[in-house]
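Visitor: Requesting a structural model of the entry that follows:
(chains A, B and C)
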Amino acid sequence: MGIDAIVWWLFAAVSVVGSLFAVLSPSIVRAVFSLLLAFGGVAGIYAVAGADFLAILQIVVYVGGVLVLIAFGILLTGRTAQALGEHEVKNRPLGILIAAGIFIGLLGALMKSSFKIGGNATNEPTTEAIGKLLLGDYIVAFEFASVFLLMALIGAAYLVRREEA
Amino acid sequence: MSIGPYHYLGLAAALFAIGVIGVVTRRNAIGVLIGVELMLNAANINLVAFSRFSGGLDAQIFAIFVIVIAAAEAAVALAIILQLFEKRSDVDVDRARTLRG
Amino acid sequence: MDHLLIVAARDNAPVDYLPVFILLLLAVVLSVSQLAISWLLGKRVETNEAKDEPYECGIEADGHAHTRFSVKFYLVAVLFILFDIEVVFLYPWAVHFGGGVPDGVVFETRGELLGFLFAEMAVFLTILFLGWYWVVKKKALDWEEA
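Guide: Numbering: from 1, shown residues only, chains lettered A, B, ... in the order given. The predicted structure is shown next:
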């Protein structure tokens, strides 16, 4: 096993363990910090896969943005975090059974598919090529992303401001 | 044994299934949101793997937009959760059954 | 056997992990050494009940730390994530702006390409700052009135 594979398995283990804690932990605050671990592991997977820009994006947007947002959500609904307590989870055996079924189904589909091997993967920096694609072929999606973000901002601001009006 | 497409897709399947556990079993709406974020991450791992093993960067562009939309989705979802909390003083998805405000 | 057929590349691209390991080593050494130095040089203070209080003197702390925060903090977080994503989009744009070469089909000269890129980003930023303007206009960021 080469060093690439070792690093890959390390990040894969980190993300799987982190996400398991994130969904199984009875405390929602601990779940969020486990999610940090899971997102970090996924960022590492991106980095090992040569997607350097996406790895940074994962850390900036998910770890720096979405996690902060979720932490704010927990702060603002603080009382319930204690009120639910051990009643936080429900039907866990059934849920795990469903998830296991989905996992086995996905693995089965994966085993049935084949990949034709040809060419070689590279580890070139991707940022400039991504910029070229983003501002060339995908320009409509790029511009629409700003409209989308504007919609999200106005929607979120409207929802949280309404109570004070 | 070097890491191939099967490894990436298998990892993504595992993360997706774990996300499903969160969505199905959590009663706290924020816990459900955490499960959804994990599932979106699993989808992104798939896209990155396809980009890795087919040479093009287009899949990574898709992944960028998935991340952006996930962030916007989290912002709106948490605003809805906060509004729910304001109305009902809890964020239990099992008890939020009515559609009236 | 051919439910999903993609042409896959052989992943044996060389990666140099030496810089990563050096960085990792540096991080560990730095954090451990700082803890060790403060442990070695610092004065040991035995704790007692008064020491463990949040405030050592004054009125005794009352209530729970888990009080609710104003919902305005959330709006600040949403604004932050919005402009976080804006910066993320700015970065590949800037790299492309700095090193982009005209393809000769759509853009004849570099000036045309740069003008187009600039216009694209101007539209993007204008739309985003409309949201910021709306939030300011709605006085959502005013802290005094509430």
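Visitor: In the helix or strand hosting B:Leu84, which residues are buried?
Guide: Here B:Leu84, judged by DSSP states H and E, is contained in helix B:58-88. Neighbour counts using 16 or more other CB atoms under 10 Å in any protein chain shown place B:59-65, B:67-68, B:70-85 of helix B:58-88 among the buried residues. Just so you know, the C-beta spots here come from the backbone N, C-alpha and C atoms, and that holds for glycine as well.
Visitor: got it, and stretch A:63-75?
Guide: Neighbour-count burial for stretch A:63-75 [16+ other CB under 10 Å]: A:Val63, A:Gly65, A:Val66, A:Leu67, A:Val68, A:Leu69, A:Ile70, A:Ala71, A:Phe72, A:Gly73, A:Ile74, A:Leu75.
Visitor: quick one: the fourth one and A:Val32 touch, right?
Guide: The one in question is A:Leu67. Yes: shown here, A:Leu67 and A:Val32 form a contact pair, counting by CB atoms under 8 Å, at 6.5 Å.
Visitor: ok, the closest residue to C:Tyr17 other than its chain neighbours - how many residues close by?
Guide: Closest residue to C:Tyr17 apart from its sequence neighbours, by CB to CB, 6 or more residues apart in numbering or on different chains: A:Ile3 at 5.9 Å. For A:Ile3, the count of nearby residues is 10 (other CB atoms under 10 Å in any protein chain shown).
Visitor: Look up how far chain C lies from the most centrally placed residue in chain A.
Guide: For chain A, the residue nearest the mean C-alpha position is A:Phe39 (5.6 Å; CA atoms, centre = their mean). Separation of A:Phe39 from chain C (CB to the nearest CB, to the nearest Å): 14 Å.
Visitor: host element of that residue?
Guide: Counting by DSSP H and E, A:Phe39 is part of helix A:28-48.
Visitor: can you check C:Ala8 too?
Guide: In this structure, C:Ala8 sits in strand C:5-10 according to DSSP H and E.
Visitor: Following the chain past that strand, name the next helix or strand.
Guide: Per DSSP H and E, strand C:5-10 leads on to helix C:18-41 as the next helix or strand towards the C-terminus.
Visitor: and the nearest residue to A:Ser146 once chain neighbours are set aside, how many residues sit next to it?
Guide: Closest residue to A:Ser146 apart from its sequence neighbours, by CB to CB, 6+ apart: C:Ile127 at 4.1 Å. A total of 17 residues lie near C:Ile127 under the criterion other CB under 10 Å.
Visitor: Might you report the residue contacts of B:Ala75?
Guide: A:Leu69, A:Ala152, A:Leu153, A:Ala156, C:Val78, C:Ile81, C:Leu82 (CB atoms under 8 Å, 6 or more residues apart in numbering or on different chains).
Visitor: And what about the second one, helix, strand or coil?
Guide: I take that to be A:Ala152. Here A:Ala152 is helix, with the state taken from DSSP: H, G, I helix; E, B strand; the rest coil.
Visitor: Wait, it touches B:Leu78, no?
Guide: No: between A:Ala152 and B:Leu78 there is no contact, the gap being 10.9 Å when judged by CB under 8 Å.
Visitor: So what's the residue count around residue 48?
Guide: I'll assume chain A. By the criterion of other CB under 10 Å, A:Val48 has 24 neighbours.
Visitor: hmm, I had chain C in mind actually
Guide: C:Asn48: 8 surrounding residues under other CB under 10 Å.
Visitor: where's it relative to chain A, distance?
Guide: 28 Å.
Visitor: tell me the mean pLDDT for the helix holding A:Phe39?
Guide: For helix A:28-48, mean pLDDT rounds to 91.
Visitor: Name the residues of that helix that are buried.
Guide: A:28, A:31-32, A:34-35, A:37-48.
Visitor: what's the next secondary structure element after the helix or strand of chain A with the lowest mean pLDDT?
Guide: One helix or strand of chain A scores below all others by mean pLDDT, DSSP states H and E: helix A:78-84, with a mean of 55. Per DSSP H and E, helix A:78-84 leads on to helix A:92-112 as the next helix or strand towards the C-terminus.
Visitor: Geometrically speaking, which residue is the centre of chain C?
Guide: C:Asp84 (6.3 Å).
Visitor: mind listing what A:Lys90 touches?
Guide: Contacts of A:Lys90 (CB under 8 Å, 6+ apart): B:Thr25, B:Arg27, B:Asp94.
Visitor: Looking at those residues, which has the smallest pLDDT value?
Guide: B:Asp94 (71).
Visitor: and that residue, which of the three is it?
Guide: Secondary structure, three-state DSSP: B:Asp94 is coil.
Visitor: how about it, what does it touch?
Guide: A:Lys90, B:Arg27.
Visitor: And for B:Gly31?
Guide: Contacts of B:Gly31 by CB under 8 Å, 6+ apart are A:Val23, A:Ile28, A:Ala31, A:Glu88, B:Gly22.
Visitor: Show me which of those is closest to chain C.
Guide: Using CB to the nearest CB, A:Ile28 comes nearest to chain C of the contacts of B:Gly31, at 11.9 Å.
Visitor: shouldn't the closest one be in contact with A:Gly73?
Guide: No: applying CB under 8 Å, one finds A:Ile28 not in contact with A:Gly73, separated by 9.5 Å.
Visitor: my guess is A:Gly136 is in a strand, correct?
Guide: No: A:Gly136: not assigned to a strand; according to three-state DSSP it is coil.
Visitor: Tell me how far it lies from B:Ile61.
Guide: Counting by CB to CB, to the nearest Å, the gap from A:Gly136 to B:Ile61 is 10 Å.
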